[in-house]
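1. mind folding the following:
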Amino acid sequence: MKDTVDPAPSVNLEEIIVCPQCDAVYHLKVPKVGEKAVCERCHTVLIEPRKKAGLKIIAIAIATFVLILGATFFPFLDIDAAGNKNSVSVMDAALAFSSGPLLLLSLATAALIMLVPLARVMLTLYVLVPVVLDLPPARHAMQAFRLSQALQPWSMAEIFALGCAVALVKIADLATVGFGPAFWMFCGLVVLIVAQDKFMCKWSVWNSLENPKKS
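-> Model prediction:
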């Protein structure tokens, strides 16, 4: 006679939540607005609903879009060395090696500094605008939001700005360096990107896409 094993009780996946960092599993309990649910193991914020967070994120995304375009084409630095003055923009720097063996490096620089952040902004607006307006989710909105999150580690506009600031300290003794408007735009981008990540509750976005409001 064969031993029998009782089947495991079925689990409703809509009633659980998994920590994206340590994979701890919890019973889902949505906190009130202004409160947050935190993983007890690694202290990752799992759910943090905020009042009118969608409108704030959309406003930040639009401002980020404008700053990225301006920071790309406006002068980033003004350099005066031995009487020779020159202004350079981020686009000029990205295209400095547009030919020859360093072409791939030039393309990668342009992508990480400008194209990836711009793509994330467009994807964020594509996903959130219908949700905030209580409209049905846009076509392929889940795939768009997933792609936006996957691109986050490759969005390096703020890292570029901080790296330039460090490099300028080293060349200050060799030339007179002035900050152009694009530099301050990149500084603004750092603040906006941090603010967007602060207001973004990923669980709330996924929940809105999976359970859209009926008009």
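2. rest of the way, CA atoms for contacts and neighbours
-> Fine.
3. okay, now the unreliable bits of this protein?
-> Residues of the chain that meet the criterion pLDDT under 70 lie in 1-13, 81-83, 96-100, 157-158, 161-162, 165, 167-168, 170, 172-175, 213-215.
4. got the buried residues for the helix ranked longest in the chain?
-> Counting by DSSP state H, the longest helix found in the chain is helix 53-73. For helix 53-73, burial by neighbour count (16 or more other Cα atoms under 10 Å) applies to 53-54, 56-58, 60-62, 64-65, 67-68, 70-72.
5. and if you look at stretch 127-144?
-> If you call a residue buried by 16+ other Cα under 10 Å, then stretch 127-144 has these buried ones: 127-131, 136-137, 141-142, 144.
6. just the CA atoms of it, as CSV, please.
-> What follows is stretch 127-144, C-alpha atoms only, in CSV (Å, rounded to 0.1, in the frame of the first residue of the first chain):
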residue,chain,number,x,y,z
VAL,A,127,1.6,54.1,-17.8
LEU,A,128,0.5,56.6,-15.2
VAL,A,129,-1.5,59.2,-17.2
PRO,A,130,-4.5,56.8,-18.0
VAL,A,131,-4.4,55.5,-14.4
VAL,A,132,-4.5,58.9,-12.8
LEU,A,133,-7.3,60.0,-15.1
ASP,A,134,-9.3,56.8,-14.2
LEU,A,135,-9.2,55.6,-17.7
PRO,A,136,-8.5,52.0,-18.8
PRO,A,137,-4.8,51.2,-18.7
ALA,A,138,-2.9,51.9,-22.0
ARG,A,139,-2.2,49.0,-24.3
HIS,A,140,0.8,46.9,-23.0
ALA,A,141,1.0,49.2,-19.9
MET,A,142,2.3,46.3,-17.7
GLN,A,143,5.1,45.6,-20.2
ALA,A,144,5.9,49.3,-20.4
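7. give me the most central residue, this structure.
-> Residue closest to the average C-alpha location in the chain (Cα atoms, centre = their mean): residue 152, at 4.8 Å.
8. distance check, that one against residue 38.
-> Look at residue 152 and residue 38: by Cα to Cα, to the nearest Å, they are 22 Å apart.
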